[in-house]
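Q: Any chance you could fold what I've pasted below:
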Amino acid sequence: MKTRWYKDAVFYQIYPRSFCDSNGDGIGDIRGIISKLDYLKELGVNAVWLSPVYKSPNDDNGYDISDYRDINPEFGTLDDWKEMISEMHKRGIRLVMDLVVNHTSDEHEWFKQSRSSVDNPYRDYYIWRKGRGKDGKRPPNNWTSRFTGKAWEYDETTGEWYLHLFSKKQPDLNWDNPKVRQEVVDICNYWFDLGVDGFRCDVITYISKEEGLPNGKFNPVMCGDEHFVLGPHIHEYLNEVNQKSWSKYDTMIVGEAIGCKYANAPELIGESRNELDSAITFELMDVDMWMSFLPIKFNLKKFKSVQSGWQALPADCWPTLYYENHDQPRSITRYGNGFGFYRNQLGKMLAISYFMLRGTPYVYQGQEIGMTNIRLKPEEYVDIMATRVFGLVKKLCPPLMPVAKWAMSKRARDHARTPMQWENKTGAGFTDGKPWMKINSNLGEINVKTEEYNPNSILNFYKKLIAFRKGNAIIRDGSYTEYFNSNRKVYCYKRELDGKGFIVICNFKEKNVVFNVDSIPNARGAKLVCSTWDKQDEQLGDSILLKPYEGVIYSYGTDEDYAKYFSVALNETVTPGKGTKATFEGGAKTNAKKAEETEEIPDTAVIEESVAVAVPQEAVKVESVTVIPDAADAADVLDSAAEEAESDKAENDKAE
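A: Numbering: from 1, shown residues only. Presented below is the predicted three-dimensional model:
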């Protein structure tokens, strides 16, 4: 059976507004994308996920579409788009477009017609209801918007309310109307006929609402979601569009699937279901989140459990692998000290940790050079979610402003949307004009041009890793076994196919760790493929010294020279200072004395025991890992916010 193309693909997500500006207006555009296609080719990616470029009033930066068949003039023209996809295909790069069909813009012609009269043929394209109370001036139910506030807007023209699960300028489509579903089919076929290779379907698990739209249970984040997340007809509707459109082309359909976890994923992405090919889910992203946007302490054990759950799915369920996108903060800041001494090693280790898993990996623009979160004042945030949070807190509970500032500094979507840092000059090589959003001040250190010149950069490591992964059957089809799940510092797993395999070990800590591997089958004598530090020509023994944020790959059972993909010497200039603390992991008691005698290990060490956990590849039914924050998590949120506020105050006092 022929392998579907996306199973050998490496995706690169482009957020067009922030990628490259060709005309100096400060906004990225399609011709800017065209100018960087050779860069993408050299990086090695062979597919692009392009965030919306359709006509839009930009209430939510393009996720509010006013015309599905035309291009936003800010980005260019349809002819520009046609040139772009042609040039992509010439370079062997496929294009997957964002498709936003849970809702439209309120400026879409359908909605203009719909709101004009209760008898208009387009009235039932959207979800309209009479209000509660004698005068009908109370919302039809208690549902709330994902952008805060009520999910209903009163319309004076007809005296009824329309549903919007996002902003009031993003009215929800009524998927119970077969005409709406046919419109979606026609839109998809229109773009397929123009050469598009697939779609990423935005919030696709919201499209089916429970009949009667009953009140929801109290939820401080989004009330009512139990009545529309993975709603009653979701599978029926997706199957219908698949049969009428998606299955007729050589496409990839990936859905943004809120509510989808590895326990229920087969119902949505199993090949026999004929619905989605894959899903972008939030289960991994929620490991360090409370109430959708409040950060909690990163827990590697929970993180690994979620990864292993997805890897344990049956072969006909294809995972999506990502750490960043336009809705998430920068991974190098999120999962480690991205501003620290070992930023280079951290960026590479994170790449290894997910690129060696089964599934399709996604790289978000700037991730390949280690772009970080940005420090912004409340008035400098531009994303609708952040501005609404600040506005709501200021209006309802000003004392919580330090918590809001702290939370947004860690998790706001703005961090991913700062302009791409191409080179160290005014405008960052992104624009010759005034950028639509503030450029990160660290562009002098972090930019493409600097990374290209440095053979040991994060960028050049991504190029090697992508080349190594492409077409590798062990990575694509091999079994997955995780070891030492209870270990809170190291992520260790094995991939194997027909007796050949890779052992992957990643140190998520900013310190030395000695890790015991003698309980891992085939580990002893395994050959080094690559390290994010300076290991060369090394075979694996009973234990391994992992330097700060070090990631390593070892191979066994094969004579293949995989190290050739990483042949440029990784001679790092950074070395741990004298007295750096080491932690012995994985039951390394028997090797501790021997390891301590080496020059690289300090005199003191903490020794911890861990238990190996193997996840069978053939497992079909797995239980979901639910992250339930306890009182300690809430306290951690408040304590961290207080510390941040105190730090800001100290800086301001010093400045004054």
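
Q: could you point out where the protein is predicted with low confidence?
A: Where the chain drops to pLDDT under 70, the residues are 1, 292, 568-656.

Q: give me the element the residue lying farthest from the centre of it is part of.
A: Distance from the C-alpha centroid of the chain peaks at residue 134, with 45.9 Å (Cα atoms, centre = their mean). Here residue 134, judged by DSSP states H and E, is contained in no helix and no strand.

Q: Which of the residues in stretch 365-381 are classified as buried?
A: 365-374, 376, 378, 381 (16 or more other Cβ atoms under 10 Å). The way it works is simple: take the backbone N, C-alpha and C, and place the C-beta from them, glycine included.

Q: now swap in stretch 12-23 and tell me
A: 12-22.

Q: Just name the closest of those residues to residue 92, please.
A: Nearest to residue 92 among the buried residues of stretch 12-23 is residue 12, at 12.9 Å by Cβ to Cβ.

Q: That closest one is in what secondary structure piece?
A: strand 11-14.

Q: neighbouring contacts of the helix or strand just after that strand?
A: Helices and strands here follow DSSP H and E; after strand 11-14, the next one along the chain is helix 30-35. For helix 30-35, contacts defined as Cβ atoms under 8 Å, 6 or more residues apart in numbering pick out 14, 16, 19-23, 50, 53, 71, 75-77, 80-81, 83-84, 87.

Q: now swap in stretch 131-143 and tell me
A: 129-130, 150-152, 154, 159-161, 163, 165, 213-216, 223-224, 227.

Q: so how far does it reach from one end to the other?
A: Stretch 131-143 has an end-to-end distance of 13 Å (criterion: Cα to Cα, to the nearest Å).

Q: and what of stretch 407-423?
A: 30 Å.

Q: Just the buried positions in that stretch, please.
A: 407-422.

Q: which of the buried residues of stretch 365-381 sit farthest apart?
A: Farthest pair in the buried residues of stretch 365-381, by Cβ to Cβ: 368 and 378, 30.1 Å.

Q: and the closest residue to residue 558 other than its chain neighbours, what is it in contact with?
A: Leaving aside its sequence neighbours, residue 558 sits nearest to residue 500 (Cβ to Cβ, 6 or more residues apart in numbering; 4.4 Å). Shown in contact with residue 500 (Cβ under 8 Å, 6+ apart): 474, 555-558, 560.

Q: From these, keep the buried residues only.
A: Neighbour-count burial within those applies to 474, 555-556; the criterion is 16+ other Cβ under 10 Å.

Q: Just those residues: which are in helices?
A: Using DSSP state H, the members of the buried ones among the contacts of residue 500 that fall in helices are residue 474.

Q: Run a quick check on residue 424 versus residue 448, I expect a contact.
A: No. With contact defined as Cβ atoms under 8 Å, residue 424 does not count as touching residue 448 (9.9 Å).

Q: which of those two has more neighbours?
A: residue 448 (22 against 15; other Cβ atoms under 10 Å).

Q: Correct me if wrong: the more buried one contacts residue 425.
A: No. In this structure residue 448 lies outside contact range of residue 425 using Cβ under 8 Å: 11.9 Å.

Q: Can you lay out the buried residues of stretch 12-23 as TSV showing distance to residue 349?
A: Shown next, in TSV, are the buried residues of stretch 12-23 (distance: Cβ to Cβ, whole Å):
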residue	distance to residue 349
12	20
13	21
14	25
15	25
16	30
17	30
18	26
19	26
20	28
21	32
22	35
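
Q: Closest one of those to residue 531?
A: residue 12 (25.0 Å).

Q: Give me the nearest residue to the closest one, chain neighbours excluded.
A: Leaving aside its chain neighbours, residue 12 sits nearest to residue 45 (4.1 Å; criterion: Cβ to Cβ, 6+ apart).

Q: wait, the one you found sits on residue 363?
A: Yes. Taking Cβ under 8 Å as the definition, residue 45 is a contact partner of residue 363 at 6.7 Å.

Q: what do the two both touch?
A: 10-12.

Q: Closest to residue 463 out of those residues?
A: residue 10 (10.8 Å).

Q: give me the number of residues near the closest one?
A: So residue 10, with other Cβ under 10 Å, has 22 neighbours.

Q: That one and residue 94, how far apart?
A: Going from residue 10 to residue 94 by Cβ to Cβ, to the nearest Å gives 11 Å.

Q: residues bridging contact with the two, i.e. touching both?
A: Taking Cβ under 8 Å, 6+ apart as the criterion, residue 10 and residue 94 both touch 46-47.

Q: OK, contacts around residue 448?
A: Residue 448 is in contact with 39, 369, 420-423, 429, 459, counting by Cβ under 8 Å, 6+ apart.

Q: Against residue 326, how distant is it?
A: Distance from residue 448 to residue 326, by Cβ to Cβ: 19 Å.

Q: Also residue 191?
A: Separation of residue 191 from residue 326 (Cβ to Cβ): 20 Å.

Q: Then residue 336?
A: According to Cβ to Cβ, residue 336 stands 21 Å off from residue 326.

Q: do the same with residue 523
A: Residue 523 is 39 Å from residue 326, by Cβ to Cβ.

Q: for residue 531, same thing?
A: To residue 326, residue 531 is 31 Å away according to Cβ to Cβ.

Q: Between those two, point out the one with more neighbours.
A: Neighbour totals were compared for residue 531 and residue 326, and residue 531 leads with 25 against 21 (other Cβ under 10 Å).

Q: May I have the beta-bridge partners of that one?
A: residue 552 (DSSP bridges).

Q: That one is in contact with residue 546, isn't it?
A: No. The criterion here is Cβ under 8 Å, and residue 531 misses it with residue 546 at 9.2 Å.

Q: neighbouring contacts of stretch 221-231?
A: For stretch 221-231, contacts defined as Cβ under 8 Å, 6+ apart pick out 141-146, 151, 165, 205-210, 213-217, 219, 258-260, 264, 268, 291-292.

Q: What subset of the residues you listed is buried?
A: For those, buried by 16+ other Cβ under 10 Å: 141-146, 151, 165, 205-209, 213, 216, 258-260, 268, 292.

Q: So which of these belong to helices?
A: Using DSSP H, those in helices are residue 268.

Q: What about the buried ones among the contacts of stretch 221-231, which are in strands?
A: The members of these all map outside strands under DSSP state E.

Q: Tell me the buried residues in stretch 425-443?
A: Across stretch 425-443, burial judged by 16+ other Cβ under 10 Å covers 427-431, 435-440, 442-443.

Q: pull the CA atoms of it into CSV?
A: What follows is stretch 425-443, C-alpha atoms only, in CSV (Å, rounded to 0.1, in the frame of the first residue of the first chain):
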residue,chain,number,x,y,z
LYS,A,425,19.1,45.5,11.0
THR,A,426,16.2,47.9,11.3
GLY,A,427,13.1,46.1,10.5
ALA,A,428,14.8,42.7,11.1
GLY,A,429,14.8,42.1,7.3
PHE,A,430,11.1,41.6,7.7
THR,A,431,10.1,45.1,6.4
ASP,A,432,11.6,48.4,5.3
GLY,A,433,8.6,50.2,6.8
LYS,A,434,7.0,50.3,10.3
PRO,A,435,6.2,46.8,11.3
TRP,A,436,2.6,46.0,12.2
MET,A,437,3.8,44.6,15.5
LYS,A,438,6.8,45.2,17.7
ILE,A,439,10.0,43.3,16.8
ASN,A,440,11.7,41.4,19.5
SER,A,441,14.8,43.3,20.8
ASN,A,442,17.0,40.2,20.7
LEU,A,443,17.1,40.1,16.9
